[in-house]
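Q: Return a 3D structure for these sequence lines:
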Amino acid sequence: MPAAAPDDALGRFVTLGDTAEILKISVDEALALVRSGELPAIRVGRAADTSGGASRWRVERTVLEAYIEGKYEETRRMGLWNQAEFANIPELSGGTIVRAPRTPPAADATDED
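A: Sure, this is the predicted structure:
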């Protein structure tokens with residue numbers, strides 16, 4: 001029988017401990033992501049545990065993978081935004097700065113002689 005793929009070894013759901021390990025964050029940080037709604041999860045089991053609630057949560061593996069992909073996309077977009085923020089007008093206009101013609105200020109109707 002062939003060895004199970006690494007993804008199959010995890011199963012459909014992972015604990016917050018596994019989630020924290022995959023993301024290289026603490027279990028408390030993973031729990032905060034779940035409680036804020038940023039990382040969707042389901043609650044299983046009874047409420048009486050001593051881990052502050054972390055052991056009751058399960059994250060679906062595909063949801064965790066989508067979360068990670070979303071973070072990559074967010075980072076990519078922020079990089080593009082930062083590049084655009086530092087781009088200057090001559091770069092974007094082929095080296096030419098185009099300015100609108102200045103109009104002289106309107107003369108005051110109450111000129112004193």
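Q: quick one, helices of this protein?
A: Using DSSP state H, the helices of the chain run over residues 6-10, 16-23, 27-36, 61-86, 89-92.
Q: most neighbours per residue, which of these?
A: helix 16-23 (a mean of 18; mean count of other C-beta atoms under 10 Å). No exception for glycine: its C-beta is placed from N, CA and C like everyone else's.
Q: hmm, back to that, so which of the helices of the chain is nearest Val44?
A: Nearest of the helices of the chain to Val44, taken as C-beta to C-beta: helix 16-23 at 11.3 Å.
Q: Could I get the helices of the chain in TSV, plus columns for mean pLDDT and distance to Arg102?
A: Compiled in TSV, the helices of the chain are given as follows (pLDDT from 0 to 100; distance: least, C-beta to C-beta, whole Å):
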stretch	mean pLDDT	distance to Arg102
helix 6-10	58	65
helix 16-23	96	55
helix 27-36	96	51
helix 61-86	88	28
helix 89-92	54	18
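Q: how about those helices in JSON lines, adding distance to Arg43?
A: Below are these laid out as JSON lines (distance: least, C-beta to C-beta, whole Å):
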{"stretch": "helix 6-10", "distance to Arg43": "19"}
{"stretch": "helix 16-23", "distance to Arg43": "11"}
{"stretch": "helix 27-36", "distance to Arg43": "9"}
{"stretch": "helix 61-86", "distance to Arg43": "14"}
{"stretch": "helix 89-92", "distance to Arg43": "50"}
